[in-house]
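Asker: Quick one, fold the following:
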Amino acid sequence: MFSRLTIENLASNYTVPRISIVEKEVFYRSDIYFTPLKSQTEIDTAKVKEIIRKEYEKANIKPSDLQTGAVIITGETARKQNANSVLETLSDMAGDFVVATAGPDLESVLSARGAGSDRISEEKREVVANIDIGGGTSNIAYFYKGILKGTCCLDIGGRLIKVENGKISYIFPAIQKLAANHGIQIQVGDQANESTLYRVCEYMAQHLAMALY
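Answerer: Here you go, the predicted structure:
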């Protein structure tokens, strides 16, 4: 995503500067991609660079055109073995950027504020929770009267069991344990069974709901 930001010092003369964004314009949003992987534990750095290079071209933007920005790796991708080296590679392409891996607390807050949960909570003067369900994790942040009160992160997501050619090719260890605890037999290499997968998803949803109470 590329944006134009206008910043202004809102402090009066002879006081500590108070810089704030007073205007913002998003002028390009890229397509959404799954993170390309070489394996279950390694990000495909070359393909990530290729995606970014293509989006720069579509936006008619050169790295030298940008003054600042951020590259943040989140969720399950942040757990990959080469996440830090990917960040270093992308920083070379992006220039003077903040480059970081977001922990679960930051990721929860970024998602919630991006969805406007804090603003809704402030306007309604009520508790508002935001649940960001990703591929590998679900991040929750809740606000009361616009003030952040808590966050949490659960190993619940849409890509923790993978099916290829009708067979289960990957199961995240925490989900394997969850299934076993509820008497569900599921293993890598098994034929994918819709009713079995549905039962696992039901228990995942129950754990997610329990986190809100």
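Asker: List the buried residues in stretch 173-181.
Answerer: By 16 or more other Cβ atoms under 10 Å, the buried positions in stretch 173-181 come out as 175, 176, 178, 179. Just so you know, the C-beta spots here come from the backbone N, C-alpha and C atoms, and that holds for glycine as well.
Asker: now stretch 23-39
Answerer: Under the neighbour-count criterion of 16+ other Cβ under 10 Å, stretch 23-39 has residue 35 buried.
Asker: tell me the domain ranges of this protein?
Answerer: 31-102, 105-148, 161-210 (automatic domain parsing).
Asker: quick one, helices of the chain?
Answerer: For the chain, applying DSSP state H gives helices covering 45-59, 83-94, 104-115, 117-124, 173-181, 194-210.
Asker: could I get the first one in CSV with only the CA atoms?
Answerer: Yep, that's helix 45-59 we're talking about. Taking C-alpha atoms only, helix 45-59 is exported to CSV below (Å, rounded to 0.1, in the frame of the first residue of the first chain):
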residue,chain,number,x,y,z
THR,A,45,12.7,-14.8,-0.4
ALA,A,46,13.1,-14.6,-4.2
LYS,A,47,9.4,-14.9,-4.8
VAL,A,48,8.6,-12.3,-2.1
LYS,A,49,11.0,-9.9,-3.8
GLU,A,50,9.4,-10.7,-7.2
ILE,A,51,5.9,-9.8,-5.8
ILE,A,52,7.1,-6.5,-4.4
ARG,A,53,8.9,-5.6,-7.5
LYS,A,54,5.8,-6.3,-9.6
GLU,A,55,3.6,-4.2,-7.4
TYR,A,56,6.1,-1.3,-7.5
GLU,A,57,5.9,-1.4,-11.3
LYS,A,58,2.0,-1.5,-11.3
ALA,A,59,2.0,1.5,-9.0
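Asker: Bridged to the residue nearest to residue 84 when sequence neighbours are not counted, which residues?
Answerer: Leaving aside its chain neighbours, residue 84 sits nearest to residue 101 (7.2 Å; criterion: Cβ to Cβ, 6 or more residues apart in numbering). Beta-bridge partners recorded for residue 101 (DSSP bridges): residue 73.
Asker: Residue 101 touches residue 86, doesn't it?
Answerer: No - the criterion here is Cβ atoms under 8 Å, and residue 101 misses it with residue 86 at 9.6 Å.
Asker: who has more neighbours, the two?
Answerer: For residue 101 versus residue 86, neighbours defined as other Cβ atoms under 10 Å are more numerous around residue 86 (23 against 17).
Asker: pLDDT value on that one, please?
Answerer: At residue 86, the pLDDT value in this model is 75.
Asker: Check the one 5 residues further on too.
Answerer: Among the per-residue scores, residue 91 shows a pLDDT of 68.
Asker: And the residue nearest the centre of the chain?
Answerer: Nearest to the geometric centre of the chain sits residue 74, at 4.5 Å (Cα atoms, centre = their mean).
Asker: Quick check: that one vs residue 151, distance?
Answerer: Residue 74 sits 13 Å away from residue 151, going by Cβ to Cβ, to the nearest Å.
Asker: Nothing else from me, thank you.
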